[in-house]
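Asker: Sequence and computational prediction follow.
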Amino acid sequence: MNELIGRVVTFQSNTFPSNSDLYGKLARDGQSPKALMISCADSRVVPEFIVQAAPGDLFVCRNAGNIVPPYSQANGGVSSTVEYAVMVLGVRDIIVCGHSDCGAMKALANPGSLEGMPNVAAWLRHSHSAQKVAAEAYPQAGDNDRARIIALENVVTQLSHLRTHPSVAAAIARGELALHGWFVDIHAGEVLGLDGKTGRFTPMTADKPLPVALPAAQRLAADLLQEAAE
Ligand code: ZN
């Protein structure tokens, strides 16, 4: 039997029966995942493993390079997933998760490798600002560091794209949504979190608060106008 089919049979005969109460509840009551994770499609980064998620816990959107196109650029799968997660599921946290040794980020570091892949090249344009930041703001970095720097800056870039989506912007303004930027070091099994206050990634450890890129807090730029009117 094909290996993948064998695994499906194992799911049906072992995994599902041992979790049938949970699946039954989810089928009956629907899903209410607490977070949306946008991660790379890389097979070595498994969002559900990283957050120890059970079925129903995590809404996931994966693509090459953990990219979120800006709202005005594309009506595609990522935009629709983000909108549904915020508007219908009411997720309170969105995590953009990059990783080490990322093929997409290595391609940005070596654009010649994209020849013959017009779709990948066009998709990765959404990461060109990270590529430029890496090229111009890290003059001392060597070639070996380039893909890692782009990957870390790319998480920052995609978080800023996320905020161009009206559903996200409105939930942030209401104080109902926090944004997180994570980076998985595959070789070390370590997850770094972006601290919005310092702008840097730091390891997540049990003795420190979770680094948050943008904490949930009401943001109304027009507060002053309201006060002036009172
Ligand atoms: Zn990747």
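Answerer: It's in.
Asker: Is any residue of stretch 141-148 near the ion?
Answerer: No. Counting by C-beta under 5 Å from the ion, the ion has no neighbours in stretch 141-148; the shortest distance is 10.0 Å. Every residue, glycine included, has its C-beta placed from N, CA and C.
Asker: Return the set of buried residues in that stretch.
Answerer: Residues of stretch 141-148 classed as buried: 146-148 (neighbour count, 16 or more other C-beta atoms under 10 Å).
Asker: So which of those residues is the closest to Val156?
Answerer: Arg148 (13.5 Å; C-beta to C-beta).
Asker: Please state the offset of stretch 58-74 from the chain centre?
Answerer: The chain centroid and the centroid of stretch 58-74 are separated by 8 Å under C-alpha atoms, centre = their mean, to the nearest Å.
Asker: which secondary structure elements does the helix ranked longest in the chain contact?
Answerer: Identified as the longest helix of the chain according to DSSP state H is helix 143-162. Contact partners of helix 143-162 among helices and strands, from 3 or more C-beta pairs under 8 Å, 6 or more residues apart in numbering; DSSP states H and E: strand 93-99, helix 103-109, helix 128-137, strand 178-185, strand 190-195.
Asker: Just name the most buried of the ones you listed.
Answerer: Highest mean neighbour count among the helices and strands packed on helix 143-162 (mean count of other C-beta atoms under 10 Å): strand 93-99, with a mean of 25.
Asker: what pLDDT, on average, does it get?
Answerer: Mean per-residue pLDDT for strand 93-99: 98.
Asker: before we move on, what about stretch 178-198?
Answerer: 97.
Asker: how long is that stretch from one end to the other?
Answerer: Start and end residues of stretch 178-198 are separated by 16 Å (C-alpha to C-alpha, to the nearest Å).
Asker: For the helix or strand following the longest helix of the chain, which outside residues touch it?
Answerer: Moving toward the C-terminus from helix 143-162, the next helix or strand (DSSP states H and E) is helix 166-173. By C-beta atoms under 8 Å, 6 or more residues apart in numbering, the list of residues contacting helix 166-173 from outside reads 71, 82-83, 86-87, 94, 162-163, 177, 179, 214, 216, 218-220.
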